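1. Build me a model:
(one chain, ligands or ions: 1)
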Amino acid sequence: MAAEGLRVDQRHGKARVRVGRVWRQGLDGSHHFVEWNVSISLLSHCLSSYHRDDNSDIVATDTMKNTVYVKAKECGDRLSVEEFAILLGNHFCSFYPQVYTAIVNIIEKPWERVCIDGKPHLHGFKLGSENHTVEATVHKSGALTLTSGVAGLALLKTTQSGFEKFVRDKYTILPDTRERMLATEVNASWRYSYESVASIPKKELYFNEKFMEVKKVLMDTFFGPPETGVYSPSVQRTLYLMGGAVLRRFADVASIHLKMPNIHFLPVNLSSKENPSMVKFKDDVYLPTDEPHGSIEATLSRITSKM
Ligand SMILES: O=c1[nH]c(=O)c2[nH]c(=O)[nH]c2[nH]1
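-> Residues are numbered from 1 along each chain as shown. Presented below is the predicted three-dimensional model:
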């Protein structure tokens, strides 16, 4: 039975299409390698497939999957994961009349060239820890929103962190401290200000360079100088300084979202009747935990004057 008169907001796509790509380009015989996990979501005029048994407007999700491999093959020159996402989005919007918006999410695994005896290996890679993410939304008009990110950047410092003078009430037991571990797993995503496919920088591997630089600014701000560090009065303050540093440094980043769980390392104190100070905590022995964890996140952008 046809369900007439209902508003339908719909999209369809293929999730988690995995592709590896090698470029054997280096004049020195070096290879480059990426591994991408691609998810595609298409907004298209295909309501007849919902209203009736008419699939004539559907771009099959299997076709979307195949397209990932065809386009990876066609990219004879190395390109950033951002460029690949935009290229795919652009393809779906321009190739199919009924597709008006394509949303492409890609997670790039951190395969890094290994060094053997201090020399970069020509074709050997090992897996690092944090992923490079991208979301490109491409419209038929060429309008674009582009967000890149780093996921799972685990950071820890053993001092120069505290938390004090917070709300204290009958439920509070946490003591004020100016000495604690600070551990987090940063998930950051930043939106670039490029608003059309045509306006993105043409410089080769531009977004790879930006990714490395943003990560460095985030880490430099979290840790401070190598000998002295920098004091963190809260995760909130450190998050704000990290995001602020990125916005100050990169004019083409319009906003940044930072999610920084406060991963607790608990002081260990052990005692028994016979041995009341078996282990007495002196900022040395901790119980690492995963849960519960503090959950702190914010989106930062510039306040623009309307004058
Ligand atoms: O940096 C912190 N922010 C908090 O909001 C919080 N809450 C808490 O119990 N410990 C901490 N630490």
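2. Quickly find the element holding whichever residue of the stretch 1-150 of the chain sits closest to the ligand.
-> Among the residues of the stretch 1-150 of the chain, Val150 lies closest to the ligand, at 20.7 Å counting by C-beta to the nearest ligand atom. Using the backbone N, CA and C atoms, a C-beta is placed for each residue, glycine as well. Here Val150 sits within strand 144-157, counting by DSSP states H and E.
3. Please name every helix or strand in contact with that strand.
-> Helices and strands touching strand 144-157, by 3 or more C-beta pairs under 8 Å, 6 or more residues apart in numbering; DSSP states H and E, are helix 81-95, strand 131-139, strand 182-192, helix 206-223.
4. Can I get those in TSV including mean neighbour count, mean pLDDT and distance to the ligand?
-> TSV is the format used below for those (neighbours: other C-beta atoms under 10 Å; pLDDT from 0 to 100; distance: least, C-beta to the nearest ligand atom, whole Å):
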stretch	mean neighbour count	mean pLDDT	distance to the ligand
helix 81-95	21	98	32
strand 131-139	22	98	25
strand 182-192	21	98	8
helix 206-223	18	98	13
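5. quick one: which helix or strand includes the most far-flung residue of the chain relative to its centre?
-> For the chain, the residue at maximal distance from the C-alpha centroid (C-alpha atoms, centre = their mean) is Glu274, at 51.2 Å. Under the criterion DSSP H and E, no helix or strand holds Glu274.
6. now it: how far from Gly26?
-> 67 Å (C-beta to C-beta, to the nearest Å).
7. Strands along the chain, start to end?
-> Taking DSSP state E as the test, the strands found in the chain are 12-23, 32-44, 99-108, 111-116, 119-127, 131-139, 144-157, 182-192, 253-259, 265-267, 286-288, 297-301.
8. need the ones you listed in JSON lines with distance to Lys215, can you?
-> Output for those, formatted as JSON lines (distance: least, C-beta to C-beta, whole Å):
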{"stretch": "strand 12-23", "distance to Lys215": "22"}
{"stretch": "strand 32-44", "distance to Lys215": "17"}
{"stretch": "strand 99-108", "distance to Lys215": "13"}
{"stretch": "strand 111-116", "distance to Lys215": "13"}
{"stretch": "strand 119-127", "distance to Lys215": "16"}
{"stretch": "strand 131-139", "distance to Lys215": "9"}
{"stretch": "strand 144-157", "distance to Lys215": "6"}
{"stretch": "strand 182-192", "distance to Lys215": "8"}
{"stretch": "strand 253-259", "distance to Lys215": "12"}
{"stretch": "strand 265-267", "distance to Lys215": "24"}
{"stretch": "strand 286-288", "distance to Lys215": "24"}
{"stretch": "strand 297-301", "distance to Lys215": "17"}
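9. Tell me which of the ones you listed sits nearest to Ala60.
-> Nearest to Ala60, of all these, is strand 12-23, at 9.0 Å by C-beta to C-beta.
10. Partner strands of the closest one, with direction?
-> Strand pairing for strand 12-23, determined by DSSP bridges: strand 32-44 (antiparallel).
11. Show me what from this protein comes close to the ligand.
-> 163, 174, 234-236, 262, 294 (C-beta under 6 Å from any ligand atom).
12. hang on, the earlier thing: kindly state the beta-bridge partners for the residue of the stretch 1-150 of the chain closest to the ligand.
-> Under the criterion used (DSSP bridges), Val150 bridges to His132, Ala188.
13. do Ala136 as well
-> Using DSSP bridges, the bridge partners assigned to Ala136 are Val104, Leu146.
14. domain parsing for the protein?
-> 1-142, 152-192+209-302 (automatic domain parsing).
15. Could you give the separation between the terminal residues of the shortest one?
-> End-to-end distance of domain 152-192+209-302: 25 Å, with C-alpha to C-alpha, to the nearest Å as the criterion.
16. His264 is in contact with His293, correct?
-> Yes: contact criterion C-beta atoms under 8 Å: His293 and His264 qualify, at 6.4 Å.
17. who's more crowded, those two?
-> Of the pair His293 and His264, His264 is the one with more neighbours under other C-beta atoms under 10 Å, namely 17 against 14.
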